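Let me see the structure of the following:
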Amino acid sequence: MNPNLHLINHPLVQHKLTLMRRKDASTNTFRRLLNELSALMAYEVTRDMPTHDIEIETPLEKMNSPVIDGKKLVFVSILRAGNGILEGMLNVVPGARVGHVGLYRDPKTLVAVEYYFKMPHDMQDRDVIIVDPMLATGNSAIAAVERLKELGPKSIKFVCLLTCPEGIAALQKAHPDVPIYTAAIDRQLNSHGYILPGLGDAGDRIFGTK
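Numbers count the residues shown, from 1 in each chain. Model (predicted):
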């Protein structure tokens, strides 16, 4: 497997994803499972986060012990569906900063169009994790990475629940240096740019707008 493609196949992740895929899952159930699944994925995505030792005092004595610098980490949500993953990630790393990229997919061309971009200051000192439930055509992910690279962060990772061969190929061709973390690689895209078998429109299912 490509070293920049990471399939998170932990049994708990796979179990919750299966429950989310079911078409009869309610909005509340879908949202709760996404929160739980995102927190589990956060553990894998942040596995190589740097730490430094600080001096603390236990009830018995002083010691040096490792901590992460959460303020150097930025979760970037691709609006609007990325916000569904964001909450679970912040439960694990509450000190992280948050950025937002507003993109919508032109229904005719499937090209990503930007309408909002807001990031923390000093991005060149930060590690970025982009979150979006679906890596389908790859157009939104590619556009988001391009914009973030303009700010020169230390590193960029991309996290999604689902992807497909077409999305992986597109993102890796455009940005071969950006690792992809996903819970599943589904079969293919359909003619409308949706992943099959997939789980439908993640944004609609998160926010109950369909």
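
Residue 80 reaches residue 204, doesn't it?
No: in this structure residue 80 lies outside contact range of residue 204 using C-beta atoms under 8 Å: 10.0 Å. Heads up, the C-betas are built off the backbone N, CA and C, glycines and all.

Nearest residue to the middle of this structure?
Nearest to the geometric centre of the chain sits residue 131, at 2.3 Å (C-alpha atoms, centre = their mean).

Phi and psi next, for that residue.
Reported as degrees, to the nearest 10, the phi and psi values for residue 131 are phi -120, psi 130.

what pairs with it across the strands?
In this entry, residue 131 is beta-bridged to residue 77, residue 159, by DSSP bridges.

I'd assumed residue 76 was in contact with it.
Yes: using C-beta under 8 Å, residue 131 is in contact with residue 76, at 7.0 Å.

how about stretch 148-168: buried residues?
For stretch 148-168, burial by neighbour count (16 or more other C-beta atoms under 10 Å) applies to 148, 151, 153, 156-164, 166-168.

Name the residues of the longest helix anywhere in the chain that come out as buried.
Criterion DSSP state H: the longest helix present in the chain is helix 27-45. For helix 27-45, burial by neighbour count (16+ other C-beta under 10 Å) applies to 30-42, 44-45.

So which elements touch it?
Packing contacts for helix 27-45, counted by 3 or more C-beta pairs under 8 Å, 6 or more residues apart in numbering; DSSP states H and E, involve helix 11-21, helix 82-92, strand 155-163, strand 180-185, helix 202-207.

tell me the average confidence for it?
Averaged over helix 27-45, pLDDT sits at 93.

Return the distance of it from the chain's centre.
Taking C-alpha atoms, centre = their mean, to the nearest Å, one finds the center of helix 27-45 at 11 Å from the center of the full chain.

intersection of neighbour lists for residue 131 and residue 76?
Both residue 131 and residue 76 are in contact with residue 82, where contact means C-beta atoms under 8 Å, 6 or more residues apart in numbering.

and the residue in the chain sticking out farthest from the centre, what pLDDT?
Most distant from the centre of the chain: residue 60, at 40.5 Å, with distances by C-alpha atoms, centre = their mean. The score at residue 60 is 97. That number is its pLDDT.

which SSE is it in?
Residue 60 is part of no helix or strand, with elements assigned from DSSP states H and E.

backbone phi and psi for it, please?
Per degrees, to the nearest 10, the backbone of residue 60 is at phi -110, psi -30.

and the residue nearest to residue 84 when sequence neighbours are not counted, what does it touch?
With sequence-adjacent residues excluded and distances taken as C-beta to C-beta, 6 or more residues apart in numbering, residue 84 is closest to residue 206, at 4.1 Å. Shown in contact with residue 206 (C-beta under 8 Å, 6+ apart): 27, 30-31, 34, 81, 83-84, 133.

Brilliant, that's me finished.
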